[in-house]
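Q: fold the following and give me the result.
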Amino acid sequence: MSCKVRLMDDGSLDEEPLTLKEIAYQKLCNNLDIVSSHRPDGERILNAGIVLPNEICDGFLENYQRFNRPLDDSVIRLFEDTQRTSLKIVNLRNSTLSSLGLETLMRHKLFALSMWYCDSIDVQSHHLLAHYGDSLRSLELGISSHLLQYAEPNEKEPVDFQLTCPHLRRLVLNGVVMHHRLQFAHLHDLGHLDLTSCVLANFSLEALVSLPNLHTLILFNVWPIANQLHAICCLRRLCTLDISISSSGNGQGTYDLPDQTLEMLMDNLRHLTHLDISGTNLAGNGVATKESTGGGSTQPSTKMEQHFALTDIPGLASRTQRPLQFLGLYHTAHWACKRHDIPALEVAGDANEQQILTAARYYHDRPVLLTRVLNDLYHLFRFENCKDIHTALDVVLSAMDRHLKFKHMQISGRWVYQRKTRGDFFSNSNYNICCSATLFYIVKGRDRSKFGTLLRNHIIRTLLNGMEMHLTDDTMLRNGYLTLTQFHMPVDVLFEYERLIKILLHGVSKTEQEGFVQRIAIYLLNTLACQVDGRQKLFLGELGVVSVGSAFALYLSILIEFLHPKTMLTLIKDRLTRSVFDDVMEVAWSTMWNVTDETAINCKRFLDGRGMEYFLKCLHTFPDREELLRNMMGLLGNVAEVKWLRPKLMTQEFIEVFARLLDSLSDGIEVGASTRLLARLREGEIGDRCGANHAKLRFQVSYNAAGVLAHIASDGADAWTIKTPSREHVLERMVAAIQRWNLKSERNINYRSFEPILSLVRCYETPQCQHWAVWALANLTQVYPEKYCQLVEQENGIQILNELIEHESPYCEIKRIARLVIEQCDAGSDRMVEG
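A: Purely as a prediction, here's the structure:
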């Protein structure tokens, strides 16, 4: 475990803030130009005059991986000069380092080297140990580190090597095929030996008997081992022995005489404090056998029988008065971890929360087994039975961070949505599916409000790392997306906005059409777009982005650039081709409505992408989908606000459609597709349609249609280039529609600026346009006075309305409504003074 997640004094869950040294490392890792520069060939080198002592060099490599993710050769080249840099302890994880980069590191005469998931280094580099291993005290070759083994998973041929590292004190090998000539006798200082998943073949553990200081022997997933037990019994100084198995299938972990075997180990290894027999049957069945009690004798004949009443594990009878510090019983035969009298202070098992968390702590570098532990942890959270939330969260985050490339680990730490029938979220048919809800349920749970900023950032960063590493896996994406819906957008994700948007766009464009991944990705993109403040948007060129000096503004720029209407139009085209209406279709239009708001370049992109063609086709193919129509007309309202784009709307077909939609009448309220989708996601009711208030939606359509026509008509009679319908006829229908609307109609809409509406208030050449504009202002200030009265005043609306009232052109109804706006704003000001 990382032990980063803490329960704070105020009851919150958070991580300790970065120390000053960590902040300095973070600054250095993000700005390598501080100490280095690029050569003409593009390679980075250490600047002249820079000398970095060992403490800084070791810390830099550790923190570079922490803050910047995988190390590669380009960074390692900074350490080519061993006179100006010094490395002693190097821990590589998920690195793309090559053999050349490894050689650069080893020329520093390392004290400790650890490599996990460094699959760019192959067996051809094992000679580096012979050349530079003399100084090594610790060597750890974890999963996918092929320095001493062939990369092919089924290759059982051993690599002919010798451990020419005479001063080793700690050695960890994973999956290495051991050849019978391999020597250990010269490793006099070796105290810790981990041979996890190694293939012993003809190698005998008797080679270890002569090691005078060996105190720890890990033989996890080494099988068969029964013929090596006598050699193990000769290792009298052992304090820690692990002969556990991750899977008991095919007879693995099954001993013929389990009680006697375990008793034999205890009798010979009297210094043992830590023992792991998980996955085996060595704990017996909890019942003393005749063989273990001297056949038919009625008198106790062994120590096991004498102490059996004090323990439920017969083979550990000799330890009842001197219990082990740790005992691994995870997934042992006959549910040994659930027995009452276990002679150990700490037990790893699956009987309760404490045992599960203990297992997670001890098995943090065993991804297959850890996946099962997370599955057990999931069941605790599924039914809200987990009490030690901060430890559980630390376990999950640590597992995902450490095993980024292990896909099943990433999946098992997140909730997987598998939909077989409507509302059916879980399936027990897939092991990883049923154990994968852990992180989702932690984030979704009642303690979510206690998460501090640093902890939230860690969770989000871990999610994005996993999704980015396994971008082509739909399961990975949907798990991460679902967990992200539990955070506040965009505030919680600003620090990783660019990566998030790229990952979401991949989910929109590269995953299964109509799939859940695509739908939730579109929802999240639309949620981000909804938060964009129009006054902060940037007018982007075709590809250009202009920074305005703040992280949020840059986030907006990238969001607008990435949320190109072309992406949404592609989705719409696909559904039109197949005549399919779904959440993706609806939210795609909603997203375009959001990203075109006060953003002319996106309005142009919509038109250039055949957006009007798709609008008409949707209108014809899905005539009864009022939410869709509302979203489409809202988008076209944004397009119509752009003066230089309005001529593209001036066609007989378009104007007739807009005029016909004026007759969609009655009071209205805007119901967002994304809001409904989020509610269904959180309640687990995807696919159940919320009942919409059709009359209110029709009002919104009528209102938006009138807004489009008002902007088009505001360009004057000369700009009306079609004969039918005539401009006068359309304006008459627009006024008739406005007079049918209820001024008290509620609308869930967010105007960030009244500039487009106030520009129509000044359109004295066409009073009908003014009529729509003042009605819009009156409606908003009547229904939402706290928000919109202030906005009217801030944008000089009161003066503009007074000018309208004094002008001779507007007819009386327009001036009456304008007075209502002024009176409402004055009343709002009075309320503020009184408050």
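
Q: excluding its backbone neighbours, what's nearest the residue most central in space within the chain?
A: Central residue of the chain (Cα atoms, centre = their mean): residue 463, 2.0 Å from the mean position. With Cβ to Cβ, 6 or more residues apart in numbering as the criterion, residue 463 has its nearest non-adjacent residue at 4.6 Å, and that residue is residue 480. (Each C-beta comes from the backbone N, C-alpha and C, glycine too.)

Q: part of a helix, is the one you found?
A: Yes: counting by DSSP: H, G, I helix; E, B strand; the rest coil, residue 480 falls inside a helix.

Q: what distance do you get for the residue nearest to the centre of the chain to residue 407?
A: 14 Å (Cβ to Cβ, to the nearest Å).

Q: now do residue 396
A: 16 Å.

Q: that older thread, wait, the residue nearest to residue 463 touches residue 467, no?
A: Yes: using Cβ atoms under 8 Å as the test, residue 480 is close enough to residue 467 to be in contact (4.4 Å).

Q: shared neighbours, these two?
A: residue 503 (Cβ atoms under 8 Å, 6 or more residues apart in numbering).

Q: who has more neighbours, these two?
A: More crowded of residue 480 and residue 467, by other Cβ atoms under 10 Å: residue 480, with 30 against 25.

Q: who touches that one in this structure?
A: 414, 463, 464, 466, 467, 503.

Q: list the contacts of the second one.
A: Same thing as residue 463. Taking Cβ under 8 Å, 6+ apart, one finds 414, 439, 480, 483, 484 in contact with residue 463.

Q: low-confidence stretches in the stretch 551-700 of the chain?
A: Filtered on pLDDT under 70, the stretch 551-700 of the chain yields the residue ranges 551-565, 665-696.

Q: how about a cut-off of 80?
A: Applying pLDDT under 80 to the stretch 551-700 of the chain flags residues 551-567, 664-697.

Q: quick one: terminal-to-terminal distance for stretch 713-720?
A: Stretch 713-720 has its terminal residues 7 Å apart, counting by Cα to Cα, to the nearest Å.

Q: so which residues of this structure form strands?
A: 5-7, 13-15, 36-38, 44-46, 89-93, 112-116, 138-141, 170-173, 192-194, 216-218, 240-242, 274-276, 324-328, 344-348 (DSSP state E).

Q: for residue 697, which of the ones you listed is the nearest?
A: Ranking the strands of the chain by proximity to residue 697 (Cβ to Cβ) places strand 13-15 first, at 42.3 Å.

Q: in the closest one, what's buried?
A: 13, 14, 15 (16 or more other Cβ atoms under 10 Å).

Q: what's it packed up against?
A: strand 5-7, helix 389-402, helix 453-469 (3 or more Cβ pairs under 8 Å, 6 or more residues apart in numbering; DSSP states H and E).

Q: compare the ones you listed and give me the one nearest residue 724.
A: It's helix 453-469; of these, that one is closest to residue 724 (Cβ to Cβ) at 53.7 Å.

Q: give me the distance from that closest one to the chain's centre.
A: Averaging C-alpha positions (Cα atoms, centre = their mean, to the nearest Å) puts helix 453-469 5 Å from its chain's average.

Q: now do the contacts for the closest residue to residue 208 other than its chain neighbours.
A: Of all residues not flanking residue 208 in the chain, residue 184 sits nearest, at 5.6 Å (Cβ to Cβ, 6+ apart). Taking Cβ under 8 Å, 6+ apart, we find residue 184 in contact with 163, 190, 207, 208, 210, 211.

Q: who wins for neighbours among the residues you listed?
A: residue 190 (23 neighbours).

Q: if I read this right, that residue contacts residue 211, doesn't it?
A: Yes: counting by Cβ under 8 Å, residue 211 is a contact partner of residue 190 at 5.5 Å.
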